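Novice: from the sequence below, what's the structure:
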Amino acid sequence: MDKSALWIVIAALGVGSFALRFVFLGLVGDRTMPPWLLRHLRYTAVAVMPALVAPLVLWPKATEGETDPLRLSAAFLTLAVGYLTKNLYAAMGIGAAVMLGGAWLGS
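Specialist: As a prediction, the model looks like this:
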């Protein structure tokens, strides 16, 4: 890729990112939002996190895109502990313990 094309893409992404944030913070930031919109915005993180994690669990680059039973079991146990205990740290701890234990036992 040409250096000028790279800098054009970087600048365009920067302007687009600024414009998207300005629409919400600069134009409507001082107005109260309707309750239905606030209710929907509350679930944004819940919708984004699985979209970020799912490819790392199902098609990880570390295994050349092959599904790894260790990652699947860590994800399942993390989800189960998080659902049952409603404790983020317990869920993360279980997931990390399964990954570390599986790496330790596998080597």
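Novice: check the offset of stretch 41-57 from the chain's centre.
Specialist: 5 Å (CA atoms, centre = their mean, to the nearest Å).
Novice: likewise stretch 67-78?
Specialist: Distance, centroid of stretch 67-78 to centroid of chain: 16 Å (CA atoms, centre = their mean).
Novice: and Leu70, what does it touch?
Specialist: Val98, Met99, Gly102, Ala103, Gly106 (CB atoms under 8 Å, 6 or more residues apart in numbering). In this view, the C-beta of every residue, glycine as well, is placed from N, C-alpha and C.
Novice: which among these count as buried?
Specialist: Val98, Met99, Gly102 (16 or more other CB atoms under 10 Å).
Novice: would you map the helices across this protein?
Specialist: 3-22, 35-41, 44-58, 69-85, 88-106 (DSSP state H).
Novice: can you list contacts of the longest one?
Specialist: Same thing as helix 3-22. By CB under 8 Å, 6+ apart, helix 3-22 touches no other residue.
Novice: list the buried residues in stretch 70-78.
Specialist: Quick answer for stretch 70-78 (16+ other CB under 10 Å): Leu70, Arg71, Ala74, Ala75, Thr78.
Novice: would TSV of those with pLDDT be doable?
Specialist: Formatted as TSV, the buried residues of stretch 70-78 follow (pLDDT from 0 to 100):
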residue	pLDDT
Leu70	89
Arg71	89
Ala74	92
Ala75	92
Thr78	92
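Novice: of all those residues, which two lie farthest apart?
Specialist: Taking CB to CB as the measure, those span a maximum distance of 12.4 Å, between Leu70 and Thr78.
Novice: what's the overlap in contacts for these two?
Specialist: Both Leu70 and Thr78 are in contact with Val98, where contact means CB under 8 Å, 6+ apart.
Novice: low-confidence ranges, this structure, go.
Specialist: Within the chain, the ranges that satisfy pLDDT under 70 run 1, 107.
Novice: export stretch 15-32 as PDB, just CAs?
Specialist: Provided in PDB are the C-alpha atoms of stretch 15-32 (Å, rounded to 0.1, in the frame of the first residue of the first chain):
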ATOM      1  CA  VAL A  15     -12.400  12.200  11.100                       C
ATOM      2  CA  GLY A  16     -15.100   9.500  11.100                       C
ATOM      3  CA  SER A  17     -14.400   8.600  14.700                       C
ATOM      4  CA  PHE A  18     -14.600  12.200  15.800                       C
ATOM      5  CA  ALA A  19     -17.800  12.800  13.800                       C
ATOM      6  CA  LEU A  20     -19.500   9.800  15.300                       C
ATOM      7  CA  ARG A  21     -18.600  10.900  18.900                       C
ATOM      8  CA  PHE A  22     -19.500  14.500  18.200                       C
ATOM      9  CA  VAL A  23     -23.000  13.600  17.100                       C
ATOM     10  CA  PHE A  24     -23.700  12.000  20.500                       C
ATOM     11  CA  LEU A  25     -21.600  14.200  22.800                       C
ATOM     12  CA  GLY A  26     -21.600  17.500  21.100                       C
ATOM     13  CA  LEU A  27     -25.100  17.700  19.600                       C
ATOM     14  CA  VAL A  28     -27.300  15.700  22.000                       C
ATOM     15  CA  GLY A  29     -25.000  15.500  25.000                       C
ATOM     16  CA  ASP A  30     -26.800  18.200  27.000                       C
ATOM     17  CA  ARG A  31     -30.400  16.900  26.300                       C
ATOM     18  CA  THR A  32     -32.200  14.300  28.200                       C
END
